[in-house]
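S.K.: got a sequence here, can you build the structure:
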Amino acid sequence: MSADNNRKYDLIVWGASGFTGKLVTEHLFDKYGPDGELRWAIAGRNQAKLEAIAGVPIIIGDALDTESMQRLARETKVVLTTVGPYAKYGTPLVEACAANGTDYCDITGEVQWMRAMIDRFQSAAEKSGARIVHCCGFDSIPADIGVWFLQRQAIHHHGEPCTEIKLLVESAKGGVSGGTIASILNLFEEARRDPRVARILADPYSLNPADKRSGPYTKDQRGVEYDATVGGWTAPSVMEVVDTRYAEQMRCLIITMDATSGTAKRR
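M.R.: Take a look at the predicted model:
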C-alpha cells in the first residue's frame, strides 16, 4: 500500500454492489468494521444498492467517465475493482490510477485487455509509482498460492525449490458470475473482430516484454490427454490461457528484479 497518508481512504472497493463486490465488502466489514484501522469506502453507480450493503462511506461514480475515475483514484491509496468486463469498463480506472500513483488490483482474466493496459499505461505507472496488479481472483490466485505453498514445502523438505509445478483441478465449488460470463462473451467477440486479439490469446508469452517472449512453455492443452504424472486422463483447463500467461509475466518480473539486485537466476 502507498505510504501517502494524505489520501482520504486506504482502500475503495469499486463495484461493491455486484456479485463479487458484495463478497469482498462483507469480508472487509467482518474483518475491519466501519471504524477500524482500515479507512475504506465502497463505490459504484447505484446509491440505493450501495446503502443496503454496509455502513461505510459511499462514493458514486461512472466507470466510463474519465473525471469520475480520476476523482476516485485521487481519494485513496488502493482501488480494488470487481467491475467487468474490464475490456469494456476498466480502462478509465487503470488510467486514473496510473496517473495518480494509486495502487490497483482487479479480478480480470482478459489477457487481451491486460496487454493493452501494459502498452498504454506502463510508463505512467512507473513515473507515478502506481502498482497495477491484475488477476487477483480465480484468475490466478489458486495457481499462485498453490505454487507458493509447494515451493515453501520443497525448500523445507529438500533444500531447494521445484523446477516445474503442474496444477490439476479435480473439482471446484461455487458458480460463475454474470460478469465472468459477460467477459468471456466479449473476449470471443473481440477475437472475432480483430485477428490481433486472437494472436495475443494464442501466444503463451503475450504479457511478457517484447524481448522476452520465448521459453519452455510451448502450447496449451486443446483436448483430452493422458498425464503420466497423475496416471489419468485430463481435459483442458478454462484457466490455462490466463494462468500460464500471467505466470510467465511474473517470471520475467522476478528475473528482472534479481538482475537489478545482482542475483539474477531463472525461477
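S.K.: how many neighbours does the closest residue to Asp139 other than its chain neighbours have?
M.R.: Leaving aside its sequence neighbours, Asp139 sits nearest to Gly109 (Cβ to Cβ, 6 or more residues apart in numbering; 3.4 Å). C-beta here means a position set from N, CA and C on the backbone, and glycine is covered the same way. Gly109 has 26 neighbours, counted by other Cβ atoms under 10 Å.
S.K.: could you do Thr76 as well?
M.R.: Other residues lying near Thr76 total 29 when counted by other Cβ under 10 Å.
S.K.: residues contacting it?
M.R.: Taking Cβ atoms under 8 Å, 6 or more residues apart in numbering as the criterion, Thr76 is in contact with 7-12, 41, 102.
S.K.: at 7 Å what do you get?
M.R.: 7-12, 102 (Cβ atoms under 7 Å, 6 or more residues apart in numbering).
S.K.: distance of it relative to Arg39?
M.R.: With the distance defined as Cβ to Cβ, to the nearest Å, Thr76 ends up 9 Å from Arg39.
S.K.: repeat that for Val94.
M.R.: Distance of Val94 to Arg39, computed by Cβ to Cβ: 23 Å.
S.K.: what of Gln153?
M.R.: To Arg39, Gln153 is 37 Å away according to Cβ to Cβ.
S.K.: quick one: the helices in this structure?
M.R.: Along the chain, counting by DSSP state H, helices occupy 19-32, 47-51, 66-74, 86-89, 91-100, 111-128, 141-158, 178-193, 195-202, 240-261.
S.K.: quick one: closest of the ones you listed to Lys212.
M.R.: Lys212 lies closest to helix 240-261 among the helices of the chain, at 5.0 Å (Cβ to Cβ).
S.K.: tell me, what's touching Thr76 and Arg39 both at once?
M.R.: Joint contacts of Thr76 and Arg39 (Cβ under 7 Å, 6+ apart) are 9-10.
S.K.: tell me how far the residue lying farthest from the centre of the chain lies from Glu240.
M.R.: In the chain, Gly231 marks the outermost C-alpha relative to the chain mean, sitting 32.5 Å out by Cα atoms, centre = their mean. Separation of Gly231 from Glu240 (Cβ to Cβ): 21 Å.
S.K.: for the closest residue to Lys22 other than its chain neighbours, what are its contacts?
M.R.: Sequence neighbours aside, Ile53 is the residue nearest to Lys22 in space, at 6.2 Å (criterion: Cβ to Cβ, 6+ apart). Contacts for Ile53 were tallied using Cβ under 7 Å, 6+ apart; they are 16-17, 22, 25, 42.
S.K.: most neighbours among these, which one?
M.R.: Ranked by the number of neighbours (other Cβ under 10 Å), the contacts of Ile53 place Ala16 first, at 30 neighbours.
S.K.: what's opposite the closest residue to it other than its chain neighbours in the beta bridge?
M.R.: Excluding its sequence neighbours, the residue lying closest to Ala16 (Cβ to Cβ, 6+ apart) is Ile42, at 3.6 Å. Beta-bridge partners recorded for Ile42 (DSSP bridges): Val13, Ile58.
S.K.: what about the stretch 101-250 of the chain, any weak spots by pLDDT?
M.R.: Along the stretch 101-250 of the chain, the model assigns pLDDT under 70 to residues 175-176.
S.K.: ok, now with 50
M.R.: Within the stretch 101-250 of the chain, no range satisfies pLDDT under 50.
S.K.: just list the residues touching Ala125, thanks.
M.R.: 98, 132.
S.K.: from Asp106, how far off is it?
M.R.: Counting by Cβ to Cβ, the gap from Ala125 to Asp106 is 14 Å.
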